[in-house]
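Visitor: When you get a sec, could you give me coordinates for this:
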Amino acid sequence: MIFFIVLIALWTFPVITLLLFFLTKNKLSLRNNILKISVGLMVITVVGLFTNISTTSQKLDWILLTSIYFTICFVLWILVWQKYLIVKIITILIMIVVFGIGYLSSTIGIIGVGFVIGAYEPCEEKWLNDGLIYKEIGIGNAISDYRGKRVEIYKTISWLPLIEWKIKSKDYYDIITYTNQLSVNYKKAENKIYLSTSGYSQNEQKWITWNDVISLE
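Guide: Residues are numbered from 1 along each chain as shown. As a prediction, this is how the structure comes out:
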């Protein structure tokens, strides 16, 4: 689903924003309101990226991320129709680059888009006690020479469960963590999360057990 959200944004936003520009040609107040809303969403998204604050909905997170591209497209169409020649020329050059990258990524580079999304999309999510959210993200892909998992711990609050922020992140490059499901045990008294798994190692030719502890202090 997330893949299609990004793909549709790359395909349609240049066209949608152009239509919005012409539809609001005689409605400048409406155009300004659309611009203010899109810029506001973009600012919120950028601040969230830098502060590791996001929503508890992956789909909403990616929709907010695509709002950055929407705003850029809309601003470019506004600038390209300005009366100053130098502004037009610079904007056209920027549009060629921005739209070109967007369409190339969503066509020829579509596999690359999938890899990028996969590097940030959790493959496992568990809600623990005390507003803690445990997430696993696979590290590596079909063409990588390494494999592993990134474990991220987020915190949310009961009266605003839509917002979360990252409090811990740890990478594991043990192949056993990549190929086996991790057992997660949160101990409130110790303020720690215990991880464990086991599996057969082809390299060592034996059954091995793996474990680790994430301290939340």
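Visitor: ok, residue 117 - contacts?
Guide: Contacts were defined as CB atoms under 8 Å, 6 or more residues apart in numbering; by that measure residue 117 touches 2-3, 6, 62. For glycine as for every other residue, the C-beta is placed from the backbone atoms N, C-alpha and C.
Visitor: Let me know the closest of the residues you listed to residue 87.
Guide: Proximity of the contacts of residue 117 to residue 87, judged by CB to CB, is greatest for residue 6, which lies at 29.8 Å.
Visitor: wait, doesn't the closest one sit right on residue 62?
Guide: Yes - the pair formed by residue 6 and residue 62 meets the contact definition of CB atoms under 8 Å, at 6.3 Å.
Visitor: Let me know the next secondary structure element after the top strand by length along the chain.
Guide: Once the chain is assigned using DSSP state E, the strand that runs over the most residues is strand 160-172. As assigned by DSSP states H and E, the chain's next helix or strand after strand 160-172 is helix 175-179.
Visitor: Let me see the ranges of the helices in this protein.
Guide: For the chain, the helices defined by DSSP state H cover 2-23, 28-51, 58-80, 85-105, 110-118, 175-179.
Visitor: tell me the angle the fifth one makes with helix 58-80.
Guide: This points to helix 110-118. Using axes from the mean of the first three to the mean of the last three CA atoms, to 10 degrees, one finds that helix 110-118 and helix 58-80 are set 120 degrees apart in direction.
Visitor: Can you mark which positions in helix 110-118 are buried?
Guide: Neighbour-count burial for helix 110-118, with 16 or more other CB atoms under 10 Å as criterion, is recorded at 113, 118.
Visitor: Good, wrapping up.
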